[in-house]
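Trainee: let me see the structure of the following:
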Amino acid sequence: MLSNKSGCRWACYNWKLGRILFMENSIIRITILVDKGTDIVEFVYKPLDIDFMWRSPFPLYGQGFPETIHGKPGKFMDYYPGGWQECFPNAGAPCEYKGADLGLHGEVAVLPWEYQIIESSKDILKIKFWVRTVRTPFYLEKTLTIEEGSASMKIEETVVNEAGEKMDFLWGHHPAFGEPFLDESCRINIQCENVEICPGDGISFTNLKQGTGRWPEVEGIDGKPVDLSKVPPPDAKISDVIFLSGLKEGKYEIINQRSSLGFRFEFPHKIFKYIWYWRIARGSFGYPWYGRTYNLALEPFSGKAILSEAVKNNYQLTLDPGQSMSVDLLVTAFRV
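Mentor: Sure, this is the predicted structure:
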């Protein structure tokens, strides 16, 4: 049952896919899969009944204790519900680090977390979540806070190196946006300088020329400029992964001009120095999307590529034994 009938409230239910926790106030509702990485699979702006989050074609079902594997996306992709994942201590493709095989996007997105209600009243709700990684010696905790009358959610996070040796890691957040919020009227506001277009996979289609450029206009494969701040329509038949860097501030906005609804993500850009820009408009063919998805993700990350490559190129984050690192994030739904 809900903790309150009005104002800030929460509830947690045990279903076949594990514990599902709901946080809400009179303006927003957030649905969290506690036993699946604390994935946020729903972030609803209640006055318009619009969910920002994208849902993948894969069903929500229980996974038991997952194994992260080397070489293939494996269970991350099999159990990927869309929405918003925490990625740690790896980001991107599987790799090996200090003898440990790390799967796609690391460990914490496929592990069950624990939670505790820190404060619960009609005016404010604070819930702490925490997890220990299995293949690496990290402890990660985060506290999510909402207040009545506010369309914001605050996230306070800390990672601790519990090893007796120095440990490297990549850290990021992977929110994916979809319909009905996402459409071709959406515009992206980011204060950044550099754009790096990643090479395609040979079966998906991109309209961008591989290489580097400046935000927001880059060169298309036809030689014409492409404005990356404009979201393509669902039938554009494109699929791209783009790294944005040279951030002037830790913030981005996506604004739907038809509904006059926006989503803002604020983060410390001295730690999350990149934004990974992933967009598909029914142009990713073969496994896993088969030309059927329309989604866009803007993902604050501490680096690009994968942990093993980050260590080689010195853009990893590092903690000494017993050392910790903390960050504050803020996401807000807003009208324009």
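
Trainee: isn't residue 175 right up against residue 82?
Mentor: No: judged on Cβ atoms under 8 Å, residue 175 makes no contact with residue 82 at a distance of 9.8 Å. Placement of C-beta: from N, CA and C, glycine included.

Trainee: so what sits against both of the two?
Mentor: Shared between the contact lists of residue 175 and residue 82 (criterion: Cβ atoms under 8 Å, 6 or more residues apart in numbering) are residues residue 53.

Trainee: tell me the contacts of the residue lying closest to residue 258 once chain neighbours are set aside?
Mentor: Using Cβ to Cβ, 6 or more residues apart in numbering and skipping residues adjacent in sequence, the residue nearest residue 258 is residue 185, 4.5 Å away. For residue 185, the contact set (Cβ under 8 Å, 6+ apart) comprises 231, 256-258.

Trainee: tell me where the stretch 201-336 of the chain has strands.
Mentor: For the stretch 201-336 of the chain, the strands defined by DSSP state E, counting those that start in this stretch occupy 211-214, 217-219, 225-227, 238-245, 251-256, 261-266, 274-281, 294-301, 317-319, 324-335.

Trainee: against which helices or strands is the longest helix along the chain packed?
Mentor: Counting by DSSP state H, the longest helix found in the chain is helix 307-313. If you count contacts as 3 or more Cβ pairs under 8 Å, 6 or more residues apart in numbering; DSSP states H and E, helix 307-313 packs onto strand 95-97, strand 167-169.

Trainee: what's the least confident stretch among the ones you listed?
Mentor: Here the helices and strands packed on helix 307-313 differ in mean pLDDT, and the lowest is strand 95-97 at a mean of 92.

Trainee: now the element after that one, going C-ward?
Mentor: Per DSSP states H and E, the first helix or strand lying C-terminal to strand 95-97 is strand 100-102.

Trainee: would you point out the helix or strand in the chain whose mean pLDDT is lowest?
Mentor: Ranked by mean pLDDT, DSSP states H and E, the helix or strand of the chain with the weakest confidence is helix 75-78, at a mean of 78.

Trainee: for residue 295, list each beta-bridge partner.
Mentor: residue 280 (DSSP bridges).

Trainee: contacting residues around it?
Mentor: 54, 56, 82, 176-178, 182, 278-280.

Trainee: please redo it, this time with the cut-off set to 7 Å
Mentor: Counting by Cβ atoms under 7 Å, 6 or more residues apart in numbering, residue 295 makes contact with 54, 176-178, 182, 280.

Trainee: what pLDDT does residue 80 get?
Mentor: On pLDDT, residue 80 comes in at 87.

Trainee: isn't it right up against residue 56?
Mentor: Yes: assessed by Cβ atoms under 7 Å, residue 80 is found in contact with residue 56 at 5.5 Å.

Trainee: mean confidence for stretch 117-133?
Mentor: So the average pLDDT for stretch 117-133 ends up being 97.

Trainee: what comes up buried for that stretch?
Mentor: Judged by neighbour count using 16 or more other Cβ atoms under 10 Å, the buried positions of stretch 117-133 are 120, 124-129, 131-133.

Trainee: same check on stretch 189-203?
Mentor: Neighbour count says stretch 189-203 has 190, 192, 195-198, 200 buried, by 16+ other Cβ under 10 Å.

Trainee: which other residues reach stretch 305-325?
Mentor: Stretch 305-325 has contacts (Cβ under 7 Å, 6+ apart) with 89-93, 95-97, 102, 158-161, 163-171, 302-303.

Trainee: for it, buried residues please.
Mentor: Neighbour-count burial for stretch 305-325 [16+ other Cβ under 10 Å]: 305-311, 316-317, 319, 325.
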